[in-house]
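J.: A structural model of the following input is requested.
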Amino acid sequence: EQELTPSSTTHSKLGLLGGVFADGTLQFFAIPHPEVARRVREDQPYNSEAKSLPVFVRLSKPLLKIDLEESPIWSFDWANGDVVTVGTTSGAVLVYHVKEHLSSMMTEPLQPSLAKPVHQSGIRSISWVKIPPSDTKGRFLPEEDPTMICSVGYDGEIYMTDTRDQSSTSLGRYRDVINTVTFCPWVGGCIIPESDSVKWFNYSPVIFGRGRYIFSTTGPIWSITASDYHPFVAVAASDGALRISNMLRVSRKGYSTPKFIYKIYQMEYNKTTGEYRMLERFHPTGPDHFRPGSSQPGPTTKGKKKKKSTAAEEDRGASSSSWPPEAGVLCASWNSSNGLTGCQLLASGTASGLCRIDNLWSSVKGAVVGGGGGAKGRKRKGKEKEKDGDEMDVDVE
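T.: Modelled structure (predicted):
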């Protein structure tokens, strides 16, 4: 473990890292380059043999710290390299320009360019609508900063705030806490959870505020993330599963769900033994797989006796809604920091303290790869199936 001293701030950096901490502050740090971080001392040359060893860096002093006296900061989001927005426990939305302070290391407090009370309670999540503004003739201005902010809070409200005239518009209210919100540029709208369902809101002026259900999970949703480089959205839920789906599969007419939902992995927890199990390499499923109460359309059976369904057929599309809190997936994030070369990386964090990074590059057969593997689940045959009674042989990495 190494400590980043002030004298080492002139070394090359990977980028900036911003985070909201338990003391209610927003802090920004400079992440050192791996070659610099692997040096035990500044005068020691780079050791290529220790390249595979993990290195832990303690960031002792932040480049910028934003602290509000009236209310703690609960959430924030980047608009670009200069502008950030924060949501507080009192329901206020604030906008800061941090580029000048980060580059010049100013010591005086940073003042917000916008401060507006929006929600009646704390803001759980906030996201920029990363669409450039337009002029009076309808032409986009890509060099300008985004002007629309979407926020959700514990009051169940979804608000859109315009930084130009400081107005806020409600898109709807739910009788539940909305845990997360994210903007998807491929569909031009924000995605929010509604209990155990994923819903997309459109920002087109013709159908502004109208929503559409994408797919459902078997537990409350904690986190939703979208990428700037591909149309896949990732959903982390309390049932211990991390799922992705293609937002471009959402048809404008007729169908309201994607064609396939891919489960990257499934966390399970045994309360008796206290052991965790991680399952992966699942087959892709359709949206009806998450609706156990809905019947599948079939041929006409008029004048014929209805065949009694077996237990295996009933359990095929139904999952238990009883899941331990230790197995939940709490957060997920796509890599949108270094372009197309790393956009397939998906990071997720679980309630057990496990952080996992998946390389979701498609294999030759077209299946989604999870955890570095490319094979799908395979059934056991013959005596092996009779021996342990399992239907699926799942490899855990």
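
J.: where does S103 land in three-state SS?
T.: Secondary structure assignment for S103 (DSSP: H, G, I helix; E, B strand; the rest coil): helix.

J.: how near is it to H97?
T.: Computed as CB to CB, to the nearest Å, the S103 to H97 distance reads 12 Å. All C-beta atoms are positioned from the backbone trio N, CA, C, and that covers glycine.

J.: One more: L114?
T.: 10 Å.

J.: so where do the strands sit in the stretch 51-200 of the chain?
T.: All strands of the stretch 51-200 of the chain, identified by DSSP state E, counting those that start in this stretch, fall at 57-59, 64-67, 73-78, 83-88, 92-97, 114-117, 123-129, 148-153, 157-162, 167-173, 182-184, 189-194, 197-202.

J.: just the stretch 201-350 of the chain next, same as before
T.: Going by DSSP E, counting those that start in this stretch, the stretch 201-350 of the chain shows strands at 211-216, 221-226, 232-237, 241-246, 261-270, 275-280, 329-334, 345-350.

J.: which one of those strands lies closest to I123?
T.: For those, the distance to I123 is smallest for strand 221-226, at 15.6 Å, taking CB to CB.

J.: what is the mean pLDDT for that closest one?
T.: The predicted model assigns strand 221-226 a mean pLDDT of 93.

J.: So, low pLDDT: which residues of this protein?
T.: 1-11, 38-54, 204-210, 249-259, 287-321, 362-397 (pLDDT under 70).

J.: Just give me the residue right at the centre of it.
T.: Geometric centre of the chain, nearest residue: T225, 2.8 Å, by CA atoms, centre = their mean.

J.: Contacts only, for it.
T.: Listed by CB atoms under 8 Å, 6 or more residues apart in numbering, the contact set of T225 reads T182, V233, A234, A332, S333, W334.

J.: Now a ChimeraX select for only the buried ones of the residues you listed.
T.: A single ChimeraX command selects the buried members of the contacts of T225 (16 or more other CB atoms under 10 Å):
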select :182,233,234,332,333,334
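
J.: with the contacts of T225 in mind, which one is nearest to P325?
T.: A332 (17.4 Å).

J.: Would you mind measuring from that closest one to A241?
T.: For A332, the distance to A241 - CB to CB - is 11 Å.

J.: ok, now how distant is I149 from W78?
T.: Distance, I149 to W78, by CB to CB: 12 Å.

J.: the more surrounded of those two?
T.: A count of neighbours by other CB atoms under 10 Å puts I149 above the other of I149 and W78, at 25 against 16.

J.: Return the distance of that one relative to G18.
T.: 16 Å.

J.: Endpoint to endpoint, stretch 140-160 covers what distance?
T.: Start to finish, the residues bounding stretch 140-160 are 20 Å apart (CA to CA, to the nearest Å).

J.: same question, stretch 159-174
T.: From its first residue to its last, stretch 159-174 covers 12 Å (CA to CA).

J.: Tell me the gap between stretch 12-23 and the middle of its chain.
T.: Stretch 12-23 sits 18 Å away from the centroid of its parent chain (CA atoms, centre = their mean, to the nearest Å).

J.: got a list of contacts for it?
T.: The contact list for stretch 12-23 (CB under 8 Å, 6+ apart) reads 26-36, 63, 72-76, 78, 81, 84, 86, 102, 337.

J.: Mark which of those residues are buried, thanks.
T.: Of these, these count as buried by 16+ other CB under 10 Å: 26-30, 32, 36, 63, 72-76, 78, 84, 86, 102.

J.: What is the nearest of the contacts of T225 to T163?
T.: Nearest member of these to T163, counting by CB to CB, is T182, at 18.9 Å.

J.: Touching, that closest one and S127? I think so.
T.: Yes. Look at T182 against S127 with CB atoms under 8 Å: they come within range, at 5.4 Å.

J.: Touching both of those two, which residues are there?
T.: With contacts taken as CB under 8 Å, 6+ apart, T182 and S127 have C190 as neighbours in common.

J.: L346: which of the strands of the stretch 51-200 of the chain is closest?
T.: strand 182-184 (13.5 Å).

J.: one step back: got JSON lines for the strands of the stretch 51-200 of the chain, with distance to Y269 too?
T.: Below are the strands of the stretch 51-200 of the chain laid out as JSON lines (distance: least, CB to CB, whole Å):
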{"stretch": "strand 57-59", "distance to Y269": "31"}
{"stretch": "strand 64-67", "distance to Y269": "37"}
{"stretch": "strand 73-78", "distance to Y269": "28"}
{"stretch": "strand 83-88", "distance to Y269": "32"}
{"stretch": "strand 92-97", "distance to Y269": "37"}
{"stretch": "strand 114-117", "distance to Y269": "41"}
{"stretch": "strand 123-129", "distance to Y269": "25"}
{"stretch": "strand 148-153", "distance to Y269": "29"}
{"stretch": "strand 157-162", "distance to Y269": "33"}
{"stretch": "strand 167-173", "distance to Y269": "34"}
{"stretch": "strand 182-184", "distance to Y269": "27"}
{"stretch": "strand 189-194", "distance to Y269": "22"}
{"stretch": "strand 197-202", "distance to Y269": "24"}
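
J.: who wins for proximity to N270 among the ones you listed?
T.: strand 189-194 (27.5 Å).

J.: What is the neighbour count of I131?
T.: Residues near I131, counting by other CB under 10 Å, number 16.

J.: Now do the contacts for it.
T.: I131 touches P146, M148, P185, G188, Y203, counting by CB under 8 Å, 6+ apart.

J.: Out of those, which end up buried?
T.: The buried subset of those - by 16+ other CB under 10 Å - is P146, M148, Y203.

J.: could I get those as a markdown table with distance to E108?
T.: Converted to a markdown table, the buried ones among the contacts of I131 look like this (distance: CB to CB, whole Å):
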| residue | distance to E108 |
| --- | --- |
| P146 | 26 |
| M148 | 30 |
| Y203 | 37 |
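
J.: Looking at those, which one is closest to G122?
T.: Each of the buried ones among the contacts of I131 was scored against G122 by CB to CB, and M148 proved nearest at 21.1 Å.

J.: Distance of the closest residue in space to that closest one that isn't next to it in sequence relative to L110?
T.: Spatial nearest neighbour of M148, chain neighbours left out: V129 (3.7 Å); criterion: CB to CB, 6 or more residues apart in numbering. In this structure, V129 and L110 are 23 Å apart, going by CB to CB.
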